[in-house]
Every structure is written in C-alpha cells, then in structure tokens.
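> pasting the sequence and the predicted model now:
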Amino acid sequence: MNIAVLGAQWGDEGKGKVVDLLTPQFAVVARYQGGHNAGHTVYVDETKIILRLLPSGILHSHVTCAIGNGVVIDPQALFAEIEELGRLGYDVGSRLVISEKAHLILPYHRELDLLSEARRGERKIGTTSRGIGPAYEDKIGRRGIRVCDLADRTALEVEIRENVQARNRLIKESTLDWRPLFDQMLAYGERLKPWVADVSLFLARTSAAGRPILFEGAQGTLLDIDHGTYPFVTSSNSTIGGVCTGLGVSPKMIGGVLGVVKAYSTRVGEGPMPTELHGASGDRLRDGGKEFGSVTGRPRRCGWYDAVVVRYAARINGLDSVALTKLDVLDGLESINVCTGYRFGKDVVTEWPADLNVLAKSEPIYETLPGWSTPTSGVRRYEDLPREAQRYVAFLEEATGVPVSIVSTGSGRRDTIIREKSAAAAWFDAVTRP
C-alpha cells in the first residue's frame, strides 16, 4: 500500500522522524513539494541529521528516493546536502531520482526574495529568503528554468540571459552577469544527469510492480498556498492534492494518509496563531521541545494544541490517522489546555475561518486537562504511559475526530509507540524498531 505522510499544523511537526521510522517497509520515498526551506530532522544513534531537499528515506540503504516536479531545487544546496550525508557515511549513489520537470532556484531568485520581504515592511511574511517563492513565481509566470532545460545549451543560454537582464533591471543595484551563471548551470546539468528521469513514469512502474511508495510532504497544512493562513503561507501545495500535482501520480495511488501533529502547536514566521503563549509558558514549551528552526535557527512561536486546526487538516487531507509527536515535552505540567473553538465577539467559531481578521480577533476556547508527573520520555508501549497522558491522547482523538496511531515520546527512532490495532499497525504490520 502507498501512503502519504504530511503535516497537519504549521510545519515542524516531526515528519522527518515519522518518515524515517516507517521507511523500512517501503521501496521508494517521494517528496512532492517545497524546497530547501523545509528541514526534516532525524536522530540516528544520537547523531542529528537535517534533511532539506532529500526525502527522509535516504538514510536507508535499500530505499530509492524521488524528488518530484512540485519541488523547486537549488542545485548548490542539493549537492551540499549530498556531500554532507557522504561525510556522515550515507552514500546516495544511484538511489536518487530527480524529476526532469522540477524547476530550479537560481541566484537571482534569492535576491528577489530578500527584496520582496524588505518591501513589505511591517507586513512581512517571514520567508526564509532562500528564493523559494520567486522560483515558484517564475514557474507560474512561465519563465522558469527546469531540470530538463539544462540539457539544451542553446535554449538555456537565451533563457538565462533574458532572465538575468530582466532581474537586473528590477533590482537596480544588481550587477549579476549571466555568462558565468550560464556556465555554472551547464556544469550543474552534467552533475545532475545521472539522477534525472521521468518521476511520474518511475512511480507508476514502481506501484504497478507492487513495490510500496511513501509520499513525503514538507511544511504543513496551514502553510498551504491555497488552504493555509494566506498570505502567511509557503508557495506550494503542502496538502494532499500536492501529491498528485507534484509527482504526476493518480489519486488512486494514495492508499492512506497519515497526518503528523505535535502534542502542542508551533509556527515560524508571521501570521495569526490563536493559541500562542507568551512569557514563561511559551518559553517552557520552546525550551523543552527545542523549538528552533532546523534550517533558519529562528525560535518557533509555541502554544497549546489547537483542535480546530487539526480538524481542518483532517477534512482537507482526508486523514486516516495521526502520528502525535513530542508528547514528552508536556511532562511535568500540572494542567494542559486544548483549544476546541474560538470566541469571536458573541459568536463561537468551531471551523477554520478564511478571514484572518476573524482569526486575529478571536479568543481560544479551552478545555483543561490534568497533566502528569511520571515521565513519558522513551516509553515504547501505550499501556506504560501515565493514565493522564492516555487520557490526553484520547481527548485529542475525540476533539479532532481522527485516531492516533503513532505516539512519539522522544527524538530517537526507538522512542516511538505504534498502537495495536491502529491504522498505522495495519499499514505497517511488519515495522521493526531499528
């Protein structure tokens, strides 16, 4: 069975660990959107590994990883990531397939990203300034450069020359010369060539042969360009529809959808976050969960679990089950709040509003549950969790309408509970804890 693993909050939910945990049962892990602004963190034998473009399955030697057409690729960042993995003992070799239709991030995209954010002033988005947005803009504007374009020297020269000259006119202080950039892209094309293929065809043949595929998303549902907290979103479809458009696969190929959520809420960047905590309470979650961006290092905004958000993600993505991460961060709290709705004036809002003005002016409605003093860190059987922690998980299931199949109780691969008779257990009945 092929399944999709995606974020059901604002990203940073722990998708890297979950994908890494489940990968041994799959032949291929395929990334369908985003760029190197997304950081998936995996701990292997106490070694922290951050993956930005490569799917998290790359750490398993029997697995082939695919980067789809929905991803925007900075070749320099990709090569640096491959080299870093090599130094850690992970050889990518021939286990990587890159879509010939994927668009490229060029140096002028990073310049445009910085310029765009600076022009917004107080209305800044909080972009990582890695050129992701401008690369997607060029894609939609039909002036982007794809991986397959690197093989056509004549056409590539024209495209790069015209694009650079246009950007230099737009960015007055820019003196970027198209000639060395053209030479650099030709060299990148030669280096990428062994991995370039028709990813859609590759995945279709893989699935037809009965070899299971794991579809990996980046960011989270509330950062989706269409369904997130627009305009404070990323530039791609991080929800379930992105699997089909970003990889060229049929919806019929998706056999199940696993949403990853934290036991509390976090987000990076600007935009409303109804359950955000300030002061000591927010610092407690941030410090306990090490909530700092894996790519940017920026501190994440932290708050209580928002069931409205997860219910919305469940509806948008058709979640079959949830992987709940960082339960151990809540250890030692006397009480824990869960947001079940918002109060907007005299109205009670229980569904996610499109109007951010409503969201910004709403107050969260909380249910308060007792905390627990017995540590959950490292617990590997659901029955061994404190009774209050089990009650908390059960309440989240009821509040969101989605069963919790996986509970993460630490950063390591082994610090994970796969619940018996759950959707995850049915999907991955052969999973062994490394």
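Arrived safely.
> when you work out contacts or count neighbours from here on, use the C-alpha atoms and nothing else.
Will do.
> residue 169: what's it in contact with?
Residues in contact with residue 169 (CA atoms under 8 Å, 6 or more residues apart in numbering): none are found.
> avg pLDDT for whichever helix or strand it is part of?
Using DSSP states H and E, residue 169 falls within helix 153-170. On average, the pLDDT along helix 153-170 is 88.
> also stretch 41-51?
80.
> cool, stretch 130-150 as well?
Here the average pLDDT along stretch 130-150 is 93.
> so where's the stretch 301-434 of the chain uncertain?
For the stretch 301-434 of the chain, the stretches with pLDDT under 70 are 427-434.
> can you pull out the helices in it?
307-317, 356-360, 387-400, 423-427 (DSSP state H, counting those that start in this stretch).
> buried ones in the second one?
It stands for helix 356-360. 356, 358, 359 (16 or more other CA atoms under 10 Å).
> still on that earlier bit, run the chain-centre distance for the helix holding residue 169.
The chain centre lies 32 Å from the centre of helix 153-170; the measure is CA atoms, centre = their mean, to the nearest Å.
> C-terminal to that helix, what's the next element?
Downstream of helix 153-170 (by DSSP H and E), the next one is helix 178-192.
> run the angle between that next one and helix 153-170 for me.
Orientation check (axes from the mean of the first three to the mean of the last three CA atoms, to 10 degrees): helix 178-192 against helix 153-170 gives 130 degrees.
> so which elements touch the next helix or strand after helix 178-192?
Tracing the chain C-terminally past helix 178-192 and defining elements by DSSP H and E, one meets strand 196-197 next. Applying 3 or more CA pairs under 8 Å, 6 or more residues apart in numbering; DSSP states H and E, one finds that strand 196-197 makes contact with strand 96-99.
> average pLDDT for the strand it packs on?
Here the average pLDDT along strand 96-99 is 98.
> neighbouring contacts of that strand?
Against strand 96-99 from outside (CA under 8 Å, 6+ apart): 64-69, 147, 195-200.
> kindly recompute the last result at 7 Å.
Identification of contacts with strand 96-99 by CA atoms under 7 Å, 6 or more residues apart in numbering yields 64, 65, 66, 67, 68, 69, 195, 196, 197, 198, 199.
> and what of stretch 58-76?
27-35, 55, 57, 90, 95-99, 101-106, 132, 135, 188, 199, 245-247.
> first to last residue in it, what's the distance?
Terminal residues of stretch 58-76 lie 18 Å apart, using CA to CA, to the nearest Å.
> over to stretch 346-356?
First-to-last residue span, stretch 346-356, CA to CA: 17 Å.
> list the buried residues for it?
Result for stretch 346-356 [16+ other CA under 10 Å]: buried residues 349, 350, 352, 356.
> strands - which of those land there?
Of the positions in the buried residues of stretch 346-356, residue 349 sit in strands, assigned by DSSP state E.
> which members of the buried residues of stretch 346-356 are the farthest-apart pair?
350 and 356 (14.7 Å; CA to CA).
> quick one: contacts for the residue nearest to residue 263 when sequence neighbours are not counted?
Among residues not flanking residue 263 along the chain, residue 327 sits closest, at 5.4 Å (CA to CA, 6 or more residues apart in numbering). When contacts are counted by CA under 7 Å, 6+ apart, residue 327 is found next to 263, 408, 409.
> so which of these is the most crowded?
residue 408 (28 neighbours; other CA atoms under 10 Å).
> mind listing residues that contact stretch 18-36?
Contacts to stretch 18-36, defined as CA under 7 Å, 6+ apart, come from residues 52-53, 55-57, 63-68, 70-73, 132, 211-218, 236-238, 242-243, 246-247, 413, 428, 431.
> picking up where we left off before, reformat the buried residues of helix 356-360 as CSV; add distance to residue 161.
Shown next, in CSV, are the buried residues of helix 356-360 (distance: CA to CA, whole Å):
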residue, distance to residue 161
356, 41
358, 46
359, 45
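> just curious, which of the contacts of strand 96-99 is nearest to residue 225?
residue 69 (16.7 Å).
> so which other helices or strands are in contact with the longest strand seen in the chain?
Of all the segments of type strand in the chain, defined by DSSP E, the longest one is strand 335-344. The helices and strands touching strand 335-344, judged by 3 or more CA pairs under 7 Å, 6 or more residues apart in numbering; DSSP states H and E, are strand 305-306, helix 307-317, strand 347-349, strand 363-370.
> elements contacting the longest one?
Judged by 3+ CA pairs under 7 Å, 6+ apart, the packing partners of helix 307-317 are strand 335-344, helix 387-400.
> and these, which is most packed in?
strand 335-344 (a mean of 19; mean count of other CA atoms under 10 Å).
> for that one, C-alpha coordinates in CSV please.
Written as CSV, here are the backbone C-alpha positions of strand 335-344 (Å, rounded to 0.1, in the frame of the first residue of the first chain):
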residue,chain,number,x,y,z
SER,A,335,-2.5,21.1,33.7
ILE,A,336,-2.8,21.2,29.9
ASN,A,337,-5.1,23.3,27.7
VAL,A,338,-6.7,22.1,24.4
CYS,A,339,-8.4,24.7,22.1
THR,A,340,-11.7,23.3,20.9
GLY,A,341,-13.1,26.5,19.3
TYR,A,342,-12.7,30.3,19.1
ARG,A,343,-14.8,33.1,20.5
PHE,A,344,-15.3,35.9,18.0
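> hang on, the earlier thing: and the helices and strands packed on strand 335-344, which is most packed in?
Of the helices and strands packed on strand 335-344, strand 305-306 is the most buried (mean count of other CA under 10 Å), at a mean of 27.
> what's the local residue count around residue 188?
16.
> find the nearest non-adjacent residue to it, please.
Leaving aside its chain neighbours, residue 188 sits nearest to residue 75 (6.7 Å; criterion: CA to CA, 6+ apart).
> count the neighbours of that neighbour for me.
Neighbours around residue 75, by other CA under 10 Å: 19.
> pLDDT at it, what is it?
At residue 75, pLDDT is 96.
> circling back to that earlier point, from the contacts of stretch 18-36, keep the buried residues only.
Applying 16+ other CA under 10 Å to the contacts of stretch 18-36, the neighbour count classes 52-53, 55-57, 63-68, 70-73, 132, 212-218, 236-238, 242-243, 246-247, 413, 428 as buried.
> quick one: mean pLDDT for the helix or strand hosting residue 244?
Element membership for residue 244, per DSSP H and E: helix 241-247. For helix 241-247, the mean per-residue pLDDT is 98.
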